[in-house]
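In: Structure for this input, please:
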Amino acid sequence: MFAKNVVDEVRPDKPSAASDEDAHIVAMLGASIYILVGTRSSSANGPLGMILSTSANSVIGKLARDDNPLYVKPYSWLIADFIRGAFGNEFSMGIARLVKRGIANPLKLRKLVTEEVVRHNIGRELNKLYHSRGNKRSWNPRGIDIFSEDWDNLVILDALRYDAMRAAIDRRGLEWNITSRISRGSQTPEWLYANFAGRQLYDVVYVSASAMPQYLGVENGDSKRQQRYGFNLDVHELRNIWMDPPEQAVETFIERDEADMVLPAETMIEPALEAVEDHPDKRILIHITQPHDPYLGETGRSLYDDVDAPWQAKLTGDLNVPVSTLREAYRENVDMAVEAAAELVEKMPGKTVVSSDHGEHLLDRAGPIPTREFLHPDKVYTDELVKVPWVEFRRQTTGDYRRTAGSSSR
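Out: Okay, the predicted model is just below:
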């Protein structure tokens with residue numbers, strides 16, 4: 001009743017254009033945020049407590065003004081302002097559709113809040129606040145610095161969970177000794193920023209099927225993602241294989257220009273080996289898009305038969321399939337990625353490591369708020385997202401092939 005009491009005490013003399021039902025929704029939302037956020041603050045002055053206090057003051061201030069829109073618009077305005085104060089503008093933009101629909105039809109506000117906010121978005125954002133300590137962390141401090149690790153060639157299989165890699169090794173009967181590491185990011189942009197930003201890595205050649213190194217590390221854009229995770233990629237060479245994609249490449253149908261392209265893992269074998277041959281004195285980082293969705297196996301392709309935008313469908317949760325089918329589609333993608341990695345490690349000289357930038361949620365329960373999560377949002381450091389596989393290989397070569405980690409010479 002916290003939010004409802006605030007409404008009554010501030011302006012008890014004026015009638016509201018919103019219904020009592022709407023007011024109770026506001027009360028429920030305010031109380032939920034108070035319980036879920038406030039009780040997890042280390043103290044009343046902790047970062048989450050400060051967020052809660054700021055948002056509450058924002059609500060009270062708006063209620064007290066003479067030009068308060070509360071009395072000419074439904075309570076969805078109050079919800080929008082409350083969420084913006086609690087979580088920041090980016091999250092409020094993320095649920096802009098919800099707010100607009102609520103304003104247009106306040107009678108459906110309860111259903112909209114339940115389906116689109118309480119069900120997922122608020123839980124995700126609360127988890128982000130928890131793991132990032134109130135957005136004070138730019139990346140996961142428990143994660144490793146990949147360039148301090150010992151390797152000549154690092155094969156990154158995008159969005160590969162540790163448990164999925166272990167299962168794939170067992171299915172294929174591979175005699176690989178798998179261990180794990182903790183990643184600095186739960187999403188590729190976060191991982192890139194945490195490992196590359198502010199560094200001169202002139203001993204590294206980056207061979208990428210992902211557009212993210214170019215998008216974040218080279219282009220000077222003004223998108224929200226570039227503003228948050230943009231950096232200067234300072235390596236010996238960046239080879240953007242996705243810019244000249246092979247015939248097997250798959251369109252993702254998102255309006256992101258060239259970033260819409262996904263390359264099957266097998267198409268990265270030849271470019272990776274060419275980089276090794278061209279630069280025998282450099283460390284080679286090979287970024288393979290798979291097993292990142294869209295899923296390219298038989299089950300995976302069937303998911304998108306009735307969907308115009310496969311990637312968008314999974315982002316918005318519009319894939320109406322059983323969880324078991326989704327996980328089978330992911331398993332197929334993992335097998336395709338591991339098969340390509342197995343071929344690479346047999347042909348690469350020196351010490352090769354197969355790992356990942358982050359994992360994947362497949363409608364698992366996230367935490368500490370137990371929402372069912374999919375994909376891999378940034379700043380959510382669950383085991384499913386930041387515990388990544390680490391498999392080392394040593395191929396005997398003539399002479400001393402070891403490259404020197406951390407070299408700054410071009």
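
In: rest of the way, CA atoms for contacts and neighbours
Out: Will do.

In: helices and strands of the chain: which one bottoms out on pLDDT?
Out: helix 2-10 (a mean of 32; mean pLDDT, DSSP states H and E).

In: what residue ranges in the chain score low on pLDDT?
Out: Residues of the chain meeting the criterion pLDDT under 70: 1-121, 245-261, 304-320, 396-410.

In: Got the domain ranges for it?
Out: Following the assignment in automatic domain parsing, the chain carries domains at 2-131, 146-395.

In: Okay, now the last one: how far is its last residue from its first?
Out: I take that to be domain 146-395. 20 Å (Cα to Cα, to the nearest Å).

In: Strands along the chain, start to end?
Out: Secondary structure of the chain (DSSP state E): strands located at 153-157, 178-182, 201-208, 235-240, 250-251, 261-262, 283-288, 350-355, 361-365, 372-375, 387-395.

In: so Leu126 touches Pro370, yeah?
Out: No. Taking contacts as Cα atoms under 8 Å, Leu126 lies outside contact range of Pro370: 10.4 Å.

In: the more surrounded of these two?
Out: Between Leu126 and Pro370, Leu126 has the larger neighbour count (other Cα atoms under 10 Å), namely 22 against 13.

In: Kindly provide the distance from the more buried one to Ser138.
Out: For Leu126 relative to Ser138 (Cα to Cα), the value is 16 Å.

In: now swap in Val354 and tell me
Out: 25 Å.

In: Next, count neighbours for Asp293.
Out: 20.

In: quick one, phi psi at it?
Out: phi -70, psi 160 (degrees, to the nearest 10).

In: and the gap between it and Asp222?
Out: From Asp293 over to Asp222 the distance is 26 Å, taken as Cα to Cα.

In: Likewise for Trp151?
Out: Taken as Cα to Cα, the span from Trp151 to Asp222 is 35 Å.

In: Kindly report the same for Pro213.
Out: Pro213 is 15 Å from Asp222, by Cα to Cα.

In: These two - which one has more neighbours?
Out: The residue with more neighbours, out of Pro213 and Asp222, is Pro213; 26 against 10, by other Cα under 10 Å.

In: Contact partners for the closest residue to Ala265 other than its chain neighbours?
Out: Nearest non-adjacent residue to Ala265, counting by Cα to Cα, 6 or more residues apart in numbering: Ala337, 5.3 Å away. Applying Cα atoms under 8 Å, 6 or more residues apart in numbering to Ala337 gives the contacts 157, 264-266, 288, 290-291.

In: Can you add distance to Arg228 and give these back as a markdown table?
Out: Putting the contacts of Ala337 into a markdown table (distance: Cα to Cα, whole Å) gives the following:
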| residue | distance to Arg228 |
| --- | --- |
| Leu157 | 24 |
| Pro264 | 29 |
| Ala265 | 29 |
| Glu266 | 32 |
| Ile288 | 24 |
| Gln290 | 25 |
| Pro291 | 25 |
